[in-house]
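A.B. asks: A structural model of the following input is requested.
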Amino acid sequence: MTAALQPTQRSQPRSTPSHFSGLTDSEVVAAHLAEDPLAFGQLVGRYQRRLLNFVYRTIGDRERGEDLVQEVFIRVHRHLHRFDQTKKFSTWIYTIASNLAKNELRNRSRNPLVLFQTIKRNWEDDHRPLQFEDHRNRPDDLYRKRHLRHLVEWSVDQLPQHHRVVFILRELEGKTYEEIADITECNLGTVKSRLNRARNRFAQVIEPLLD
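C.D. replies: Predicted structure coming up:
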């Protein structure tokens with residue numbers, strides 16, 4: 001006679017990728033810390049593209065940006081057990097990415113030729129909040145919008161690095177002042193001052209190009 005299946009022998013339910021769709025970042029972090037094998041991949045899926053866009057815009061080099069984002073996730077995986085779960089995970093991971101990007105620019109600044117060549121590269125059209133194209137428009141409208149996008153990208157590239165970072169985080173990533181302060185490790189007054197200067201400088205650079 002076949003023995004009855006004991007409760008301790010029943011297989012435990014396993015999570016699936018769809019299982020995470022309704023969970024917050026904090027809940028996914030908790031699942032990872034509880035040794036759910038799929039949880040960390042969910043965090044990567046949520047943030048990989050967003051971080052690449054941010055780092056790419058900051059340093060102007062996509063290939064190097066991909067390396068830095070990989071390093072971000074290595075550090076997150078290594079130190080996630082130390083993360084204060086009362087804080088926002090997005091702020092924490094953006095802070096790591098921002099610090100790596102700043103270090104990259106600091107190291108690269110010792111080679112002005114490399115900096116000049118890489119900072120001139122255009123950003124990827126990633127369909128983030130700053131969008132210019134609607135394919136329902138006529139070809140001449142699309143041309144004007146593409147031209148405007150390139151002008152915006154070039155003008156942002158002209159901002160000083162510490163101004164460019166806060167401008168991107170606020171205007172393109174939609175971060176709050178508090179989140180930007182945490183990510184850049186500056187006080188709110190400094191963030192607002194840098195953002196105001198970045199906006200003014202951006203307007204000065206792009207206004208003559210729009211005539």
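
A.B. asks: may I see the buried residues of the helix or strand containing L51?
C.D. replies: Under the criterion of DSSP states H and E, L51 resides in helix 39-59. For helix 39-59, burial by neighbour count (16 or more other C-beta atoms under 10 Å) applies to 39-40, 42-44, 46-47, 50-59. Placement of C-beta: from N, CA and C, glycine included.

A.B. asks: report the central residue of the chain.
C.D. replies: L51 (2.8 Å; C-alpha atoms, centre = their mean).

A.B. asks: go ahead and confirm it touches Q70.
C.D. replies: No: using C-beta atoms under 8 Å, L51 makes no contact with Q70, being 9.9 Å away.

A.B. asks: now for this protein, the helix or strand with the poorest mean pLDDT.
C.D. replies: helix 112-119 (a mean of 44; mean pLDDT, DSSP states H and E).

A.B. asks: so where is the chain shaky, pLDDT-wise?
C.D. replies: 1-17, 109-145, 148, 209-211 (pLDDT under 70).

A.B. asks: show me the domain layout of it.
C.D. replies: Per automatic domain parsing, the structural domains of the chain span 21-121, 122-211.

A.B. asks: isn't F89 right up against A30?
C.D. replies: No: if you go by C-beta under 8 Å, F89 and A30 don't touch, sitting 10.5 Å apart.

A.B. asks: okay, these two: which has more neighbours?
C.D. replies: F89 (20 against 14; other C-beta atoms under 10 Å).

A.B. asks: mind listing the strands for this structure?
C.D. replies: Per DSSP state E, the chain carries no strands over any range.

A.B. asks: quick one: buried residues of stretch 172-187?
C.D. replies: 172-173, 175, 179-184, 186.

A.B. asks: nearest to V156, of those residues?
C.D. replies: L172 (8.3 Å; C-beta to C-beta).

A.B. asks: pretty sure that closest one contacts Y56?
C.D. replies: No: judged on C-beta under 8 Å, L172 makes no contact with Y56 at a distance of 11.2 Å.

A.B. asks: burial measure for N103, as a count.
C.D. replies: Around N103 there are 11 residues (other C-beta under 10 Å).

A.B. asks: for it, list the residues it contacts.
C.D. replies: Residues near N103 by C-beta atoms under 8 Å, 6 or more residues apart in numbering: none.

A.B. asks: same check, this time on A97
C.D. replies: Per C-beta under 8 Å, 6+ apart, neighbours of A97: 51, 54-55, 68-69, 72.

A.B. asks: next: Q85.
C.D. replies: 26, 29-30.

A.B. asks: distance check, it against D25.
C.D. replies: Distance, Q85 to D25, by C-beta to C-beta, to the nearest Å: 10 Å.

A.B. asks: same deal with E35?
C.D. replies: Counting by C-beta to C-beta - E35 and D25 are separated by 18 Å.

A.B. asks: sounds good, over and out.
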